[in-house]
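A.B. asks: Okay, structure incoming, though there's no sequence with it:
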């Protein structure tokens, strides 16, 4: 029997011998490689977390002691150790285990938010709650060096440092990377430590003294950090934490389980906030991941990846860069995932990776625009949420020409609720002067990106879906700025927005087969509402909008409002994503669940037309969450 099969919960770990724990670590890595290679997911980060996770669960008593993971993508080992090993082969599959912590899965999970730099704020509040309630419980927050590039983490540290009696342990998992190499002053400081020729000697010293040195809060604290302050500052980064008033332990070899247990035990005993600095290697224990130069298998990549939306954007941005010397690119620790890396290879002096700092990225972009440049900010759609105030008041208020390119817009699927880009078209509707484009295919992406970058006096947004780019749908006509994709009558005006244009074409075919006349248009630019769309609407019995965005405040709502403002009484049915947090599954499965498929929408539209005409249909459609 494998050791992993005997572990039904964290309590079982405390019964294992050192050899069994070593065997368990090897078994866990085997399971990670075998499973994630098949299901997809975050392999490199979890390979680097095995010994740290074992130590966390052996020193602390989860779920009484609360373990909080920043972003949560590195919790696969945690799942294996908290009773979910038998179901691990269902990772990221519909109805299976989430790729992130999930309260519905286990009492050992508490924070589900997969946006970075938040763990310390959660931990601060949770530890304060336990103190007020006089509960003897510890809170452990694990954050990567990448997560520490986010301003929110430092806001939390500033507050935690003022609370001298919080039972809070912060583990900094320092592997030099988030998605890609960590950037900024903090990263440079930590890198200097890792690359110092005396670093290995320091780790050896730590291993020899960690178990017997009462270094936290005691006179012997200096033993592991250099006798003189000058030596300490030269060899370790504790100075910046100690200046905040936080106790610092480290650096500790994060792949030495016993060293991690000793460090965490001492930190636990201190009784106040302590930072434990663990140095790890992303992808540790799996040669292919260790040697992967792009991202150490941060997320598994298909062997034969089809041409995707990101590829189209990346290639066109380079072409624009050659033509437009004023174009610069900005991203927030997402250089490779957003495709900005291709621009960086050609124009390194015009590319800025600001770390996990979306707010700074957006206001810095405003400054670049004020200085005569045209910034292109590449983000995942869901991460724009974090910089809304900066978009509104720093960019739009000042009429700055900044183009935001939002990758992974709409339903993304496998990564769960916080990765779905279903909020962006609603929140940008609130921004005066902003123009929003949603391309339906690669040709339109190229066209709209160029058009967006030509706008110099207002922010522009171009958003597109995750994965393989959709086949081109060529227009049969143009009406104003609208592309007419299909015309077979004037019963229904179908407005297919962005990636849902293909779905609108499917709906049109089904309606036409039922004798219903349909015209399909793609607005291309969906904000502001095209005046020609307002002129077309009265010619139809029903206007139907289809979008992969939340219905609340989405494009359908704004089109309906524009028609009302012009006293147009044509009814509008809007189809989009219901305002709920969607479970993880493949994109087609999620669209099926929420009713955003051609068949489901067509049935609802047929029923709506029948009601308008006062007739009956053979099979009335059941109500669905995705449509009005």
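C.D. replies: Perfect, I can see it now. Fair warning: this is a prediction, and the values are worked out from it, not measured in the lab.
A.B. asks: What are the buried residues along the host helix or strand of residue 320?
C.D. replies: Element membership for residue 320, per DSSP states H and E: helix 309-323. Counting neighbours by 16 or more other CB atoms under 10 Å, one finds that the buried residues in helix 309-323 are 309-318, 320-321. C-betas here are computed from N, CA, C, even on glycine.
A.B. asks: can you check stretch 155-175 too?
C.D. replies: Within stretch 155-175, the residues scored as buried using 16+ other CB under 10 Å are 156-157, 160-161, 166-175.
A.B. asks: Out of these, flag the one nearest to residue 421.
C.D. replies: residue 156 (26.1 Å; CB to CB).
A.B. asks: excluding its backbone neighbours, what's nearest that closest one?
C.D. replies: Once flanking residues are discounted, residue 156 sits nearest to residue 120: 3.5 Å by CB to CB, 6 or more residues apart in numbering.
A.B. asks: Ok, residue 612 next?
C.D. replies: That would be residue 541: by CB to CB, 6+ apart, it lies 5.5 Å from residue 612.
A.B. asks: what helix or strand does the closest residue to residue 141 other than its chain neighbours sit in?
C.D. replies: In this structure, residue 141 finds its nearest non-sequential neighbour in residue 123, 3.8 Å apart by CB to CB, 6+ apart. Applying DSSP H and E as the criterion places residue 123 in helix 119-132.
A.B. asks: Check which residues of that helix are buried.
C.D. replies: Here helix 119-132 shows 119-124, 126-128, 130-131 as buried, counting by 16+ other CB under 10 Å.
A.B. asks: which residues sit against it?
C.D. replies: Outside helix 119-132, the residues that touch it by CB atoms under 8 Å, 6 or more residues apart in numbering are 66, 68-71, 110-111, 136-137, 139-143, 147, 152-153, 155-157, 159-160, 163, 165-168, 170.
A.B. asks: Inside strands: which ones of the residues you listed?
C.D. replies: Judged by DSSP state E, strands contain the following of the contacts of helix 119-132: 66, 68-69, 139-143, 168, 170.
A.B. asks: now, among the residues you listed, which is nearest to residue 555?
C.D. replies: residue 69 (35.4 Å).
A.B. asks: Kindly state the pLDDT recorded for the closest one?
C.D. replies: What the model reports for residue 69 is a pLDDT of 93.
A.B. asks: quick one: residue 590 from residue 130, how far?
C.D. replies: Using CB to CB, to the nearest Å, residue 590 is found at 37 Å from residue 130.
A.B. asks: swap that for residue 15, please
C.D. replies: 27 Å.
A.B. asks: just how off-centre is stretch 508-516 within its chain?
C.D. replies: Offset of stretch 508-516 from its chain centre (CA atoms, centre = their mean, to the nearest Å): 39 Å.
A.B. asks: Outside of that stretch itself, list whatever touches it.
C.D. replies: 486, 488-489, 491-492, 494, 518, 520, 598-599, 602, 605-606, 609.
A.B. asks: Save these as CSV, and put in distance to residue 422, pLDDT and secondary structure too.
C.D. replies: Shown next, in CSV, are those (distance: CB to CB, whole Å; pLDDT from 0 to 100; DSSP: H, G, I helix; E, B strand; the rest coil):
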residue, distance to residue 422, pLDDT, secondary structure
486, 26, 97, strand
488, 31, 95, coil
489, 32, 93, coil
491, 30, 96, coil
492, 25, 97, strand
494, 21, 98, strand
518, 26, 97, strand
520, 23, 98, strand
598, 20, 94, helix
599, 22, 95, helix
602, 22, 96, helix
605, 22, 96, helix
606, 26, 95, helix
609, 28, 94, helix
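A.B. asks: Need the max-distance pair from those residues.
C.D. replies: Among the contacts of stretch 508-516, 489 and 599 lie farthest apart (CB to CB), at 20.2 Å.
A.B. asks: tell me which element residue 576 falls in.
C.D. replies: In the assignment (DSSP H and E), residue 576 maps to strand 572-577.
A.B. asks: Who are the packing partners of that strand?
C.D. replies: Applying 3 or more CB pairs under 8 Å, 6 or more residues apart in numbering; DSSP states H and E, one finds that strand 572-577 contacts strand 542-550, helix 555-565, helix 598-613.
A.B. asks: Buried deepest among those, which one?
C.D. replies: Counting by mean count of other CB atoms under 10 Å, strand 542-550 has the highest mean neighbour count of the helices and strands packed on strand 572-577, with a mean of 27.
A.B. asks: ok now it, how far from the chain's centre?
C.D. replies: So, by CA atoms, centre = their mean, the centroid of strand 542-550 is 25 Å from its chain's centroid.
A.B. asks: Need the residue closest to the centroid of the chain.
C.D. replies: For the chain, the residue nearest the mean C-alpha position is residue 419 (4.9 Å; CA atoms, centre = their mean).
A.B. asks: Look up how far residue 153 lies from that residue.
C.D. replies: Distance of residue 419 to residue 153, computed by CB to CB: 20 Å.
A.B. asks: and if you look at residue 577?
C.D. replies: Counting by CB to CB, the gap from residue 577 to residue 153 is 30 Å.
A.B. asks: Which stretches in the stretch 51-200 of the chain count as helices?
C.D. replies: Here the stretch 51-200 of the chain has its helices, by DSSP state H, counting those that start in this stretch, at 76-81, 119-132, 151-160, 185-195, 199-209.
A.B. asks: residues near the spatially closest residue to residue 147 that is not a sequence neighbour, how many?
C.D. replies: Nearest residue to residue 147, sequence neighbours excluded (CB to CB, 6+ apart): residue 70, at 4.4 Å. Neighbours of residue 70 under the rule other CB atoms under 10 Å: 31.
A.B. asks: do residue 338 as well
C.D. replies: 27.
A.B. asks: What about residue 370, how many residues nearby?
C.D. replies: For residue 370, the count of nearby residues is 11 (other CB under 10 Å).
A.B. asks: what do you get for the one 3 residues further on?
C.D. replies: Burial of residue 373, expressed as a neighbour count using other CB under 10 Å, amounts to 18.
A.B. asks: mind listing what it touches?
C.D. replies: Counting by CB under 8 Å, 6+ apart, residue 373 makes contact with 326-328.
A.B. asks: Ends of stretch 37-47, what's the gap?
C.D. replies: Counting by CA to CA, to the nearest Å, you get 13 Å between the two ends of stretch 37-47.
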